[in-house]
Structure formats: C-alpha cells, structure tokens
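# here is my input, please return the structure:
(chains A and B)
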Number of protein chains: 2
Amino acid sequence: EKWKKGSRLLSALVGSNILLFSSTLVTCVFATDADIWETDMLIFLCIVMVICMSWMVFQIYFSWKNKNAILHTDCQAGPIWMRGGIILFGAGTLIMTVLRIVHASDYLGCETPMKLVYSVIQSGFVVVQTYFLWVSCKHCVQIYMNATRCGLMVLLSINLTLWLIAVTEESGYHAIEIERYLEGNVTQNHTTPAEGPSPRSHNCSCKSICKFIPTEYYYLYPFNIEYNLFASAMIYIMWKNVGRRIDDNDSHHYGLGPGVRKHIPLFGLFLGMAELVTGLVMFILYEVGKTNTVKYTLSLTTFYFFHVVSLGLMSIANLVGIIFFQLDKRSMDNEKNPSRTLDMALLVGATMAQYGLSYYSIIAMVASTPFTLLSSLTLVCSLLTIIQHSLQNVFIIEGLHRLPPSHLVTSRTRKDAPKKAQLPSDTQKVDSQETGSPHSVPAAPDHPPDRRMSRRATLTAQLKSHLKKRKTLKDIYLFLFLSNLIFWIMPAFGARIMFDTGLEVEFYGFTLWTVITNMCLPFGIFYRMHAAASLLELYSIS
Amino acid sequence: EKWKKGSRLLSALVGSNILLFSSTLVTCVFATDADIWETDMLIFLCIVMVICMSWMVFQIYFSWKNKNAILHTDCQAGPIWMRGGIILFGAGTLIMTVLRIVHASDYLGCETPMKLVYSVIQSGFVVVQTYFLWVSCKHCVQIYMNATRCGLMVLLSINLTLWLIAVTEESGYHAIEIERYLEGNVTQNHTTPAEGPSPRSHNCSCKSICKFIPTEYYYLYPFNIEYNLFASAMIYIMWKNVGRRIDDNDSHHYGLGPGVRKHIPLFGLFLGMAELVTGLVMFILYEVGKTNTVKYTLSLTTFYFFHVVSLGLMSIANLVGIIFFQLDKRSMDNEKNPSRTLDMALLVGATMAQYGLSYYSIIAMVASTPFTLLSSLTLVCSLLTIIQHSLQNVFIIEGLHRLPPSHLVTSRTRKDAPKKAQLPSDTQKVDSQETGSPHSVPAAPDHPPDRRMSRRATLTAQLKSHLKKRKTLKDIYLFLFLSNLIFWIMPAFGARIMFDTGLEVEFYGFTLWTVITNMCLPFGIFYRMHAAASLLELYSIS
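The predicted structure follows:
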C-alpha cells in the first residue's frame, strides 16, 4: 500500500492555510469597521468559490467519464437522512441568497456591487455543491488522488469559512438585539454602561456592517449554518475515503431500514411530540413575552421549568438506554468506519463547548449573592445539561458501535436482516455459508430437525426478548430525537435564555459573557442537530 | 478483543469535565479580580493534585506488586530524550516552586496562606509525577483498566490546567511589561490610551493578581510550561497504551542509537552552532537595546534580519531534506504507533496557531499605509514563517514514517543495525531467519559465495550512497534541531517582536492584538520545542 499520509498532509496544509487566511480576514472585517476590508473579503471568497465550483464540475465530469475513477463506494458515508438534510438546508440557504440578491440590488446605489456578485456566486455555489455531494458523497475516488484531496480540502475550508461568517453575523445580530433589550430594561441598566464600547460599535452608525445583517431573512440563518456544517462533514468523509479500497461484501447497509416501517414506537412518539409541541408553545410564549415586562418573569420562569423537566426526562431516557445496552450483551463493531469516527469526534468535541458554557453559568450562580428562584433554576438547568450531554454521548456512541441484533441469527448483517428477525421461522436459511463469513455462527444450519427445534425455541425466546428491548430502544431513540430537535430549534431560532435572566451578564459583564456565549453556543446548537441526526440513524438501523 | 472505546469515552468525559471546570475557574480568576476566587481555585487545584499524587503512589505500588500488571511495554513511548527532558524541566519547575514557597512565606502576613500550601503541594506533585513518568511511561497497564484510564485522564487535566495557569501568568506579565514600554515610548502614545481598559487592570492597583506574578523567577516559566506539556504528552501516550497488547518481537528500538556516536555531522553542527550563538547574541542585544531608544530601531532591524536569514536557511534545509527523501525511496512504516500519531497531531495542530499569527501580521502589513523597511521585514518574516512551518512539518512527518535504512540489508530493524550497515562485510549474517520475519528479504543469505560477492558489491554501493545521504540528512537534522532550539529560546524567554515594532498594535489596537498573540504564541513556542524534540529523535534513529 502506498503511503497516503504524505498526500493527506499536503492537502491538509493547503486547506488549513486557506481556512486560516479567510478566518483572519473575517475577524478583521468584524473587528475593525473598515468598508474596504469587506469588499476584499468578498472578492477573495468569490474567487475561492468560483475555483471550487469549476473543480466540482471537472470532478463530476471526470468521474463520469473515467470508468476506473470510482471502483468502490463507502456505503456508510452519506446516509439518506444526511443527503436529505443537505437538500433541505440547501433549499433554505438558496432562499436566503435569493433574498440577499434582491436586497443587494435594492441597495445597489449606496453599497458595494460586490455584495450582489457575492450573493449570485454563492447561490450558484450552493446549487453545484449540493448536486456534487448528492452524486458523489459515497465515492472512494481512485484517480488524480492528490488533486482530489486538495480540492476537497479547499472546499472544506470555504464551507467552514462560510459557516464562520454566518455564525458571526448571527451572533452580531443577537448581540445588538440583546443590548437593545438590556438598555430598554431599567432594572439591568447599571450593568451595561460600565462595559467596554466594542458591542456598541455594531450599532447602525457604521453602514457596512449594519447592511450586512439584514433582518428580514434572519430566520433562515440556522438553515445556512447547518447546511455548511453538513456539507463540511460529508466533504471530510469523502476526503478520508479518497484512495480507499473497500471490500464490498463487508459493507453494512445504513439508511432508513425496513425496521422503521415495521414498528411504530407509540410511547416514544407520543412523549416526544408532547415535548416538541410544549417546547414550541413555550418558545413562542417566551418570544412574545419579551416585549411585555410584566409577563416576562413568568414566561422566563416557565421556560426554565420546561428546560429542567425536559432535560431530566432526557437524562432518564439516556440512562435507561445505557442500562438496556448493558443487559443486552452483543458483540461490538470495531471495524474501520470514517463516518462513525467523525460522528464520535464531533459529538464529543461539540459537548466540550456546552460543558464550558454550563460551568461558567454554574460558577456565576454559586457566586452571585441573592440566591433567587431564577438562580437555582439556572443552576439546576446547567447541571442537568452537563449530565444529559455526558449520558447522551455514552448512549449514542455505544449505540453506533453495536452490531444489529440480527447478528445473533445470521452472522452477516444484511439490509433485510430486521425483517428476518421478526419472522424467526425463516431463520433456518442462515446465509452465512453463501457469504463466506469468517465469524463464528451461533446457530449451525445443518443440524437434524429434532435438535433444531429446541435450538429454534431458545432462539425464538431470545429474539422475542431482544425485539422487546429493541422496541423500547426505538421508543427511546424517537423520544430523544424529537427532544434534541426542539432543543436545536429553541436556541437556533433565537432563544438565548442565558442572557435574559441577566444573572450571568451581571457577574461577568456584557462583553465577556457575549464572547463566551458566542464562542460556545454555535457548537452547542450544532451538538443538538448532530445528536438528532445520529439518533435518527440509530433509530433506522435498530 | 473487548470494546475499549466505552472505557476510553468514560475517562475522557471525566477528564474533560475536570479540565473545563478548572479552565472556567482560571478564566474567572484572571478576568475578574476577586481575591476570594483565587483562594477557591487554589483549594480546588490542591485537592485534585493530592488525589493525583495518591493515585500515582497506588499505581506504582500495584504495578510493582502485581506481576500481571505490566505484561507488555511500548518501546516507542517515552524515548530517552523525552524522559531526560522531563527531568530537566521538572528540575526547573521544582526550583520555581521552591522560590515560590520562599516568596509566599515572606508575604505570609498580607497574602492568603493557601499560596504557601499550594506551592508546597505543587512541589510534591512535581516530584511524584516525574518519578511516576520515569518509571512507568512505557507501561501498557493490564489491571484495573477503567480506574487507570480515569486516573490518567485526571492527571492529564490537571497538567493542562497548570499549563494554562503558567501561560496566563506569563502572558499577563508580558502584557504589563509591553504596556509600560509603550506608555514610555512617546511615538506610540496615540494608540494606547484609546483602547479598552482591560489590560490596565493588571497594574499593581490590585494586590492579589500582582503578587501572583513575581518577577524574580520569571525566567523559569518556560521550564514550567514545557514540563506540563511534556508530562501531558507522556500521560496521553500511557492512556492510549492502557490495555494494549504488543507483539514484543515487532518493536523498533527508539532512543539515542549508536548512529549518534559513529558519525558527527560537522557541517550541520557548525552552521547550527553559528546560528545558535548569533541568535543568543542578537537576543541579548535586543533585550539590552530595549532600554535605549536610540539604538532600539537598529537592534530591532538587525533582529528582524536575523529572523529572515535564519528562516530562509531553515526552509532551504527542509526543502533539501524533502528532496533527499524523494530520491531515497524506502518503504514507509504504516504500523500503529500512538506516540507518532500524537507527534503528528501536535505538530500540525500547533502550526495552525503560528499560521494564524502570521496571517494576522501579513494583513496588517499589507493594509498599513507607509510601507517602511520594518513593515517589509515583518511581511517577509511572516511569509517565511508560514513556508518554513509547512516544509518542516512535511519533512519531520515523512522522516518519522520512514523505516531505518538498515531495512535494505536486514529485514528486521534492530538497535545495532546502523553499526552493521557501516561494516558491510558483516552483513552476511543476516538474522532474518532467527527472528522469523514475515517481510521479504532482499539479500538472501544462503547463496553460493561467487554470486554473493556480486550481490554484496551492489549492496555496498547502495549502502555507500545511502550512508552519504544519511550523513547529509544528519547534518540537516542537527542544523534544524539547533535552529528550532534558538527559535524556542527567543520567544520563550521574552522576545515578542510582534509587539515591538508597534505596527500590528497600531492596526489592531492593543487589546485585540494582545488577545491574538496570547492565544497563538504559546502554541507557536510549543511547536518549536516539539519540532526540536522530533528532530533529535530523527537524528538519533537515522
């Protein structure tokens, strides 16, 4: 085998240089309010996007033309929910860019025309990239490997840069909104004027930044952010798979398996939907209550209560799931799987940000002196967040590593295995022989009928017990999926409760707390979406 | 094989929680100037250190008592230069803590007694940890694996926290010093007063923080910082090795091989020593020149010229090394090696920080209008830094993956292989048979004498050519080792040239530039030390 680390290192260096250069440009633009810098950044981004678009077109053309280009595909990469997600979020991003084009052509006289060009190019980029990822996310490219690695890394860098820009714009928008709110709020007035002048400069005195954060398409930002992250994850997996040779027999079939259709976990669905609907109602009440100072404390307290109860329920569900895993001993899948490794790394990495935020909150709550109801609710909420994240990570990662339960009957995992497992009378036709599996087969297929009966009875009992557990696990998966979804919706669409009590702001000061929140919260939001996606995957393969 | 990821995940969650909690405490202490917080942080750190010390003592005792505890050792972990480094830096840290104890007992009346307790416990911790790492850094622990993993992770967290504290204290000290200098400098006066008040609060108005940064043992900080990083790297390798079963026959012997004694690369030594001495002289002139405003611009320009010339030479050396690697085709070592993977990750990760700093510098230089000699020097220096880091990473990582050249003669890598390679008449006794190697053997040992002679002649010619290349490579390794050492010494002991020209400070403002520098520079300094260590390893095994 050729040494592929050298080529990987080269492409990683190219990609990281582009990423760091554009990140420095972005921070320069958002830290110092020079109009000329924004135009420069937009020109640079346009050039990189055009390069990426032409590379993607070439790549699609060459892999279509050259029959040896794609000899292997990685079945675990790009499952259907991820490709569906990228279509959904891509559509949101496309609507956003179209709105931006309209906006930029409105303001063409008083703004740089680069914004129009940038938005047009970005919309083209989104279309080409979505098509490219849909077509080739499973490919293990075997031609022009160095060029492919570099191209993918440049694409990854530009996606991360676009993510950074979106997050920064959204945070800036929130900072302005919260500051306005705090200024209007008389009781909090003594904390804000003492702080540094940096958030104030985002006010509309400076034209360029203010126009860059238009309010009308504000609710589409979460889609844009998730689109870039999903695309980055898929591109990274493609990069890892360049030059990989996979034994096609050895592949598990991921995706929405038949299990989804066979059994509907009503309990999980009911509980999850109840939480989702309650959360949405709470969220709307809270957003509406912001304008009314009298109702505000009530709606905030209720909102915190909802958080505490939901997080408690989710922790219990995670704990039950972990206990089920401990009871139901199965062999673990230790095979190489870049998608799963990335999932694990992203889940654990994103958790760190949420841990940090929670610990900052806890320290502030413990230290601030009048210990009110809101402080205790914040404290409990932060503690539960830490517990829930830890338990959920253990649960999801253990779940991702478990072989499907059909492993008990057939040693080879098949797409139709869950169907067989539900009809134990069919398990006689064990197909381990035809696939040539090296694993040990618990149920030997050539036994005489009398012995086979007792064996089958044991197997049936085991399977029934397993199916029951799987049903409960499905309930848990579905409940946790819906819960994580509502916990993604609330902060992604604007509920920043850690600002609204004013307790942390008072303790850390507005600037420091804004910096902490803006650094941690995007990863926390990403965690929820990613956990929801992983739970959906677990649900579909269980 | 048992699924070890679950246990790893558990310990990682425990460790990351401790790390994040202590990091939030540290930022709280250094951001808000409350005296009570520092005492709380010290109490927390003392408790964790005492727990770690008792765990280490138990671990040493149990692995000494239980014969089954250490069945395998990882020969690649903890090479002699790393263990030597931990002794050296540990001694520096110990001197520093002793000085701190003296300092704290002097100020016992006006300061919290926790400082004394903390320093005493820290000195004990350093002694126990250094002994623990010296004894057991190669161990692959097989008993109480969950407890061992958790213990190691807690130890890793506390080391990273101590590193964070040391870096923060040192940066604070530098910020005060540079601010004082800029205040005294009349020409720069218009930039500093406009900036935020946050660095000013570090002035001696606040007692607790100021006493925490005593000046007399300031030059020992780099030792303390490197000690914690070296310890962290060794602990991480131990953690990865818990429960690992290594085939002992398969191990390469790292460490100061006999090659070091056989050939002294005079050219590399001469050039490297010249650079080291010039660098030290320049550094002292620059530090002395700081007080004299007339000589200052001259010494600064000379210092920059030295940087540019050295970085250029190092880039050329790296490039020559990479070309040599391309000419000298050898099979690459793709075996699992946690130490090497960590080395790669740390090198590439730390490079990112240096890239970021350089790009910020480049943007500032391109944008600031009067393009003076100093601006162009800064620009060239930043560009060369990026190029040199990229080339050096490729060079070191490719070097770490190459099998030793003795692979041509004997298929098995041995500690005494270089000795044999230098005496080709001994190569007849090829010992591939006795070790039972599965590799292909290029020189078959049982040929008749006449055919063996011609084979031997070819081998000798090949070996001579290889040895020549290896000699040149040794020159390159030694030169780069000494160069990286001087580039570690200069910033670690206080040369922050990116502040002294005042160009970046003018562009970004003092606060933002301090934040950027304080975040990036510690990793840049770490990169230099780590690159030097890796080059020493390459030198010793080449």
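# name all residues that make contact with the closest residue in space to A:Trp134 that isn't next to it in sequence.
Once flanking residues are discounted, A:Trp134 sits nearest to A:Arg83: 5.7 Å by C-beta to C-beta, 6 or more residues apart in numbering or on different chains. Heads up, the C-betas are built off the backbone N, CA and C, glycines and all. Neighbour list for A:Arg83: A:133-134, A:137 [criterion: C-beta atoms under 8 Å, 6 or more residues apart in numbering or on different chains].
# which SSE is A:Arg83 in?
Using DSSP states H and E, A:Arg83 falls within helix A:80-106.
# pretty sure A:Phe125 sits against A:Ile47.
No. Using C-beta atoms under 8 Å, A:Phe125 is not in contact with A:Ile47; the gap is 11.8 Å.
# coming back round to it: ok now the helix holding A:Arg83, how far from the chain's centre?
Distance, stretch centre to chain centre, for helix A:80-106: 17 Å (C-alpha atoms, centre = their mean, to the nearest Å).
# elements contacting the next helix or strand after it?
Following helix A:80-106 in sequence order, the next helix or strand is helix A:114-136 (DSSP H and E). Helix A:114-136 makes packing contacts with helix A:35-65, helix A:80-106, helix A:145-184, helix A:221-241 when contacts are defined by 3 or more C-beta pairs under 8 Å, 6 or more residues apart in numbering or on different chains; DSSP states H and E.
# coming back round to it: neighbour count for A:Phe125 and A:Ile47, which is higher?
With neighbours defined as other C-beta atoms under 10 Å in any protein chain shown, A:Phe125 and A:Ile47 compare such that A:Phe125 has more, 24 against 11.
# okay, now the closest residue to the more buried one other than its chain neighbours: neighbour count?
Excluding the flanking residues, the one nearest A:Phe125 by C-beta to C-beta, 6+ apart is A:Met49, at 4.6 Å. Applying other C-beta under 10 Å, we find 22 residues neighbouring A:Met49.
# now do the contacts for A:His401.
Residues in contact with A:His401, defined by C-beta under 8 Å, 6+ apart, are A:332-334, A:340, B:3, B:5.
# from those, which one has the minimum pLDDT?
Within the contacts of A:His401, B:Trp3 has the lowest pLDDT, namely 71.
# look up how far B:Tyr477 lies from A:Tyr173.
Separation of A:Tyr173 from B:Tyr477 (C-beta to C-beta, to the nearest Å) stands at 53 Å.
# more crowded one of the two?
Each of A:Tyr173 and B:Tyr477 has its neighbours counted (other C-beta under 10 Å); B:Tyr477 has more, 28 against 18.
# not counting residues beside it along the chain, what's closest to that one?
Nearest non-adjacent residue to B:Tyr477, counting by C-beta to C-beta, 6+ apart: B:Tyr539, 4.0 Å away.
# ok, back up a step: for the helix holding A:Arg83, list every residue counted as buried.
Across helix A:80-106, burial judged by 16 or more other C-beta atoms under 10 Å in any protein chain shown covers A:81-83, A:85-86, A:89-90, A:92-94, A:96-97, A:100-101, A:103-104.
# isn't A:Thr93 right up against A:Glu226?
No. A:Thr93 is beyond contact range of A:Glu226, at 9.0 Å (criterion: C-beta under 8 Å).
# which bits of the stretch 351-500 of chain A sit near chain B?
A:351-352, A:355-356, A:359-360, A:363, A:367, A:386, A:390, A:393-394, A:397-398, A:401 (C-beta under 8 Å from any C-beta of the partner chain).
# ChimeraX command to pick out the buried ones of the residues you listed?
Entered in ChimeraX, the line below selects the buried ones among those, by 16+ other C-beta under 10 Å:
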select /A:351,352,355,356,359,360,363,386,390,393,394,397,398,401
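# of the residues of the stretch 351-500 of chain A next to chain B, which pair is most distant in space?
A:Ala367 and A:His401 (40.5 Å; C-beta to C-beta).
# and chain B, is the helix or strand harbouring A:Ser16 touching that?
Using DSSP H and E, A:Ser16 sits within helix A:5-31. Yes. Applying C-beta under 8 Å from any C-beta, one finds helix A:5-31 touching chain B at A:5-6, A:9-10, A:12-13, A:16-17, A:20-21, A:23-25, A:28, A:31.
# just the closest residue of the stretch 251-400 of chain A to chain B, please.
The nearest approach of the stretch 251-400 of chain A to chain B comes at A:Met332, 3.8 Å away (C-beta to the nearest C-beta).
# where does the prediction get shaky in chain A?
Counting by pLDDT under 70, the ranges of chain A that qualify are A:1-2, A:33-35, A:182, A:184-216, A:247-263, A:293, A:404-456, A:462-469.
# domain map for it?
A:5-185+A:194-245, A:259-407+A:475-541 (automatic domain parsing).
# save those as a markdown table, and put in distance to B:Leu155 too.
As requested, the domains of chain A are exported to a markdown table (distance: least, C-beta to C-beta, whole Å):
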| stretch | distance to B:Leu155 |
| --- | --- |
| domain A:5-185+A:194-245 | 30 |
| domain A:259-407+A:475-541 | 19 |
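# identify whichever of these lies nearest to B:Leu160.
That would be domain A:259-407+A:475-541 among the domains of chain A, by C-beta to C-beta, at 12.5 Å.
# now do that closest one: distance to the chain's middle.
On the basis of C-alpha atoms, centre = their mean, domain A:259-407+A:475-541 is displaced by 12 Å from the centre of the chain it belongs to.
# list buried residues within the contacts of A:Arg83.
The neighbour-count test (16+ other C-beta under 10 Å) marks A:133, A:137 as buried among those.
# out of the contacts of A:Arg83, who's nearest A:Leu374?
Closest approach to A:Leu374 among the contacts of A:Arg83 (C-beta to C-beta): A:Leu133, at 44.4 Å.
# just give the nearest non-adjacent residue to that closest one, would you?
Nearest to A:Leu133 is A:Met234, by C-beta to C-beta, 6+ apart, at 5.2 Å.
# contacting residues for the one you found?
A:77-78, A:82, A:86, A:133, A:137.
# could you measure from it over to chain B?
Distance of A:Met234 to chain B, given as C-beta to the nearest C-beta, to the nearest Å: 22 Å.
# rewinding a little: isn't the residue of the stretch 251-400 of chain A closest to chain B right up against B:Trp3?
Yes. Here A:Met332 reaches B:Trp3: they are 3.8 Å apart, a contact under C-beta under 8 Å.
# so what's A:Leu377 up against?
A:Leu377 makes contact with A:301, A:304-305, A:308, according to C-beta under 8 Å, 6+ apart.
# also A:Gly312?
A:Gly312 neighbours (C-beta under 8 Å, 6+ apart): A:Leu384.
# surely it forms part of a helix?
Yes. Under DSSP: H, G, I helix; E, B strand; the rest coil, A:Gly312 falls within a helix.
# can you give me the buried ones in stretch A:40-60?
Here stretch A:40-60 shows A:40-42, A:45-46, A:48-49, A:52-53, A:55-56, A:59 as buried, counting by 16+ other C-beta under 10 Å.
# got it, and stretch A:218-228?
Within stretch A:218-228, the residues that qualify as buried are A:218, A:220-228, counting by 16+ other C-beta under 10 Å.
# quick one: closest of the helices and strands packed on helix A:114-136 to B:Ala533.
Across those, B:Ala533 has its closest neighbour in helix A:145-184 (27.8 Å, C-beta to C-beta).
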